[in-house]
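A.B. asks: pasted the sequence and its predicted model underneath.
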Amino acid sequence: MSAPAKKREIDEKSKENEEVNSSNDSSDDNDTDINDLQGTHIMVDFVGRIPEDPDFNGIKLLLQQLFLKAKVETSELANFIIERNYVGSVVKQDGDDEDDEDDDENDVNDVFGITTVINISQGQNQNCIKQLRKVLADYSSDYASDATNALIKSILENDSAALGLIINERFVNIPANIAVPLLENLLADMKRAVNKKMPYDFQYYVLISKLYKPKNTPGKKKKREAEDLELIWSNPEEAIFAEDAMCSFEFSVDKDSDTSAWADDDEEMVPHRRVMLFEASKLPSMIDKILDQLSQ
């Protein structure tokens, strides 16, 4: 019997419309459950909690929607995150009956988001970490400029340059203002872990963001400008990370994702991923910028 999940400090519990997307890699039963919720609106209060065993399916689904068809074993990675639940938080609905955690059927829809960090530095030898390192190296080799690819490769191969992969994933329309307390909690968690001699003293972070761009854009000369103006960040606060990134690159995942969620009268948007590398020392100031932007 697992202990009740501990609630994390979140300064603002926000009521917001919540729309849930399905993942191509989830089971048939889970697809049915998620698809039943598409297009519905639910008024809820969100809270952050320490990841626990009953959160496995929900965390796995969020990882699947981030990595899509990339060769990352999301079941192993979800367990890896739960085993290290002294760092990071899951987003859940306030008022969930914690006594239901022992039920045989765990509702994947109980977990609306996950914010954590994973050490993917050289020397971290778990299989899922090796997979993450290879995926990052492959993304960089395929899509980054030569200079960016060389920098990322050097960091991945440098034992002394600890690299943390920030996972900041949630379902669409979860309010952006929940990001600040989640990231602040993450900073505090890492500080406590470092004080206990755990491997969370990073020199660099990498973040894989989800964004969308219009399918049809103007001619070549104005294409980049139009894309930058019209792109939609799945997590709006991650635009702040883009401002302070050392380097970044992006690529389309149109062939790997399900675009059926777009309404017939919507402009069709092409899903992309943007990979951003930044110095760990800048994370606190980034969080301050996010707070300032959300308070305007």
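C.D. replies: Happy to help now that I have it. What you are looking at is a predicted structure, and each value in this text was computed from that prediction instead of being measured.

A.B. asks: all strands of the stretch 151-296 of the chain, in order?
C.D. replies: Using DSSP state E, counting those that start in this stretch, the strands of the stretch 151-296 of the chain run over residues 163-170, 204-214, 232-233, 247-252, 269-279.

A.B. asks: now do the last one and strand 247-252, the angle between them.
C.D. replies: Orientation check (axes from the mean of the first three to the mean of the last three C-alpha atoms, to 10 degrees): strand 269-279 against strand 247-252 gives 160 degrees.

A.B. asks: for strand 269-279, name the packing helices and strands.
C.D. replies: helix 127-143, helix 146-156, strand 204-214, helix 238-244, strand 247-252 (3 or more C-beta pairs under 8 Å, 6 or more residues apart in numbering; DSSP states H and E). No exception for glycine: its C-beta is placed from N, CA and C like everyone else's.

A.B. asks: out of the ones you listed, which is closest to residue 172?
C.D. replies: Distances from residue 172 to each of the helices and strands packed on strand 269-279 were compared by C-beta to C-beta, and the smallest falls on strand 204-214, at 9.3 Å.

A.B. asks: can you tell me which of the helices and strands packed on strand 269-279 is most buried?
C.D. replies: Across the helices and strands packed on strand 269-279, the average number of neighbours (mean count of other C-beta atoms under 10 Å) peaks for strand 204-214, which reaches a mean of 21.

A.B. asks: for that one, what is the average pLDDT?
C.D. replies: Taken as a whole, strand 204-214 has an average pLDDT of 94.

A.B. asks: now the angle from that strand to strand 163-170?
C.D. replies: Going by the same axes, to 10 degrees, strand 204-214 makes 40 degrees with strand 163-170.

A.B. asks: partners of strand 204-214 in the sheet?
C.D. replies: Here strand 204-214 is paired, per DSSP bridges, with strand 163-170 (parallel), strand 232-233 (antiparallel), strand 269-279 (antiparallel).

A.B. asks: now what about the first one, what contacts it?
C.D. replies: By C-beta atoms under 8 Å, 6 or more residues apart in numbering, the surrounding residues in contact with strand 163-170 are 62-63, 65-66, 81, 88, 91, 112-121, 132, 136, 155-156, 178-179, 182-183, 186, 200, 202-208, 235, 238, 280.

A.B. asks: next: stretch 128-142.
C.D. replies: By C-beta under 8 Å, 6+ apart, stretch 128-142 touches 67, 70-73, 76-77, 80, 118-120, 148-149, 152-153, 156, 165, 206, 249, 251, 273, 275.

A.B. asks: just for the chain, where's the confidence low?
C.D. replies: For the chain, the stretches flagged by pLDDT under 70 are 1-44, 95-109, 216-229, 257-267, 296.

A.B. asks: let's see that with 90 instead.
C.D. replies: Along the chain, segments meeting pLDDT under 90 span 1-48, 93-110, 122-126, 158-161, 171-178, 214-231, 255-269, 293-296.

A.B. asks: in the stretch 1-150 of the chain, what residue spans correspond to helices?
C.D. replies: Remark: helices assigned in the stretch 1-150 of the chain by DSSP state H, counting those that start in this stretch are 28-37, 56-67, 74-83, 127-143, 146-156.

A.B. asks: re earlier: export the strands of the stretch 151-296 of the chain to JSON lines and tack on distance to residue 57?
C.D. replies: What follows is these, written out as JSON lines (distance: least, C-beta to C-beta, whole Å):
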{"stretch": "strand 163-170", "distance to residue 57": "14"}
{"stretch": "strand 204-214", "distance to residue 57": "20"}
{"stretch": "strand 232-233", "distance to residue 57": "26"}
{"stretch": "strand 247-252", "distance to residue 57": "28"}
{"stretch": "strand 269-279", "distance to residue 57": "23"}
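
A.B. asks: which one of the ones you listed lies nearest to residue 290?
C.D. replies: strand 163-170 (10.9 Å).
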